[in-house]
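1. give me coordinates for this.
(4 chains)
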Number of protein chains: 2
Amino acid sequence: MQAYHQLEAEFKSRNIRFTKPRRAIFKCLQTATYPLSIRDIYTSLPNIDRTSIYRTLELYLSLGVVQIIPIGWKQKYELAEPYAPHHHHFICLKCGSHTDINPPGLEDLLRHYERTAGVIITAHTFELSGVCAACQQGIQ
Amino acid sequence: MQAYHQLEAEFKSRNIRFTKPRRAIFKCLQTATYPLSIRDIYTSLPNIDRTSIYRTLELYLSLGVVQIIPIGWKQKYELAEPYAPHHHHFICLKCGSHTDINPPGLEDLLRHYERTAGVIITAHTFELSGVCAACQQGIQ
DNA sequence: GCAGCTACTGCAACTTTGTTGCAATAGTGT
DNA sequence: ACACTATTGCAACAAAGTTGCAGTAGCTGC
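-> Purely as a prediction, here's the structure:
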C-alpha cells in the first residue's frame, strides 16, 4: 500500500496519469510472490489489452519501477527499488520454488569492482539456481 | 581450436553428429568477442535455416556447450565452460563496450551461500552494467 | 458537476520470433 | 560404395511484440 501511494505521488509530480490499467499492472506485480512473465500478467488481467501491458511495462522500466529478472530462459518482471526491497533469487530446479535472497558481501563485491576497474555500476543481475535443501532431503 | 576439437571428441563419444551447421554455429560463437543473439547468429550464417539454429542452440544448451546471458532486455548466447573460460560481463551503457570480468570473491560468495542455506548451486548469472572508465573521462 | 484538453487505451493489422511435421539429405560405420 | 538414421531445410503455423489511429477516460479550470 505504502509503495502504491509512493508511485501515485511520483506520477502526479511528473504529470503522468496513474490510470486504471497502470494501477492494475502495478498491483498485479505487487501481489505476486515471484517475478512475472508478460504472459503471466495478461492472463491474470484479461480485460487489459496486450498492447497496454507492453507499453506500461516499458514505461515502468524507464521509470525504474520494475526490473527484468532472467529466470531460466525467460525474462520476468518484478518491482524494483524503492517499490520493493532490493533482493535476488534462488530458484530450485526440482520443485520450482523461488526464494528471495540477499547474500551479504554482494554489495562489497560491487563496490570493490567499481574501485579497482574505475567504473560506475548502475545495474546488476545476480540470480542463482540449483537444488533447495528440502529437495535434497526429500524422497526425490 | 582446442575447444573445437574438444567438442568434436565429445560429440563422437556420445554418437552425436558434428554436422556442418553445428560446426558453423560453434565457430560463430567462438569467434565473437561478445555474447550473440539468435538474430546475430542467423544474419551471420544466412545459408543455415533458422530452425536449425534454434535446434542447435537447444542442443548446445542441454549439453552445456553454451549458456544464456541476459543483456539489457535480450537473451544472448555464449560458449560456456569448458569451451570458454568462466567469466561475467560489464557492459557500458554509454559506448556499449563489453568487458569480460571475473570478480574475486564471487566464488566464495556462492560457496558461502550454499553452506548457510543448505542448497546446491548449479548455475548463476552475474552481469554488471554502468559507465566505463573511458566514458567517464571522455568528452561525453 | 460540467466542458475542454490531451495522454492514454484498445483495436486492427502487421512484423518478428519461435515451433512443428515431414520429406530430402548428409554423416557415420561397415 | 552402401545402408542406416540422425539431422537438415522447407513450409505452414503459433506466439510474441510493434505501430498507427480513432475513441476514451483522466485531469484542470470553471
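2. ok, then the element right after the one helix or strand A:Thr99 maps to?
-> Applying DSSP states H and E as the criterion places A:Thr99 in strand A:98-101. Per DSSP H and E, the first helix or strand lying C-terminal to strand A:98-101 is helix A:106-117.
3. which helices and strands sit right next to that following helix?
-> Applying 3 or more C-beta pairs under 8 Å, 6 or more residues apart in numbering or on different chains; DSSP states H and E, one finds that helix A:106-117 makes contact with strand A:120-131, strand B:98-101, helix B:106-117. C-betas here are computed from N, CA, C, even on glycine.
4. excluding chain neighbours, what is closest to A:His124?
-> Nearest non-adjacent residue to A:His124, counting by C-beta to C-beta, 6 or more residues apart in numbering or on different chains: B:Leu128, 5.0 Å away.
5. so which of the helices and strands packed on helix A:106-117 is the most surrounded?
-> Highest mean neighbour count among those (mean count of other C-beta atoms under 10 Å in any protein chain shown): strand A:120-131, with a mean of 18.
6. relative to helix A:106-117, how tilted is that one?
-> Interaxial angle of strand A:120-131 relative to helix A:106-117 (axes from the mean of the first three to the mean of the last three C-alpha atoms, to 10 degrees): 130 degrees.
7. for the helix or strand following strand A:120-131, buried residues please.
-> Remark: after strand A:120-131, the chain's next helix or strand is helix A:133-137, criterion DSSP H and E. For helix A:133-137, the buried set under the neighbour-count rule, 16 or more other C-beta atoms under 10 Å in any protein chain shown, comprises A:Cys135.
8. interface residues of chain A facing DNA strand D?
-> Residues of chain A lying close to DNA strand D (C-beta under 7 Å from any atom of the strand) are A:Asn15, A:Arg17, A:Phe18, A:Thr19, A:Lys20, A:Ile38, A:Arg39, A:Arg50, A:Thr51, A:Tyr54, A:Arg55, A:Gln75.
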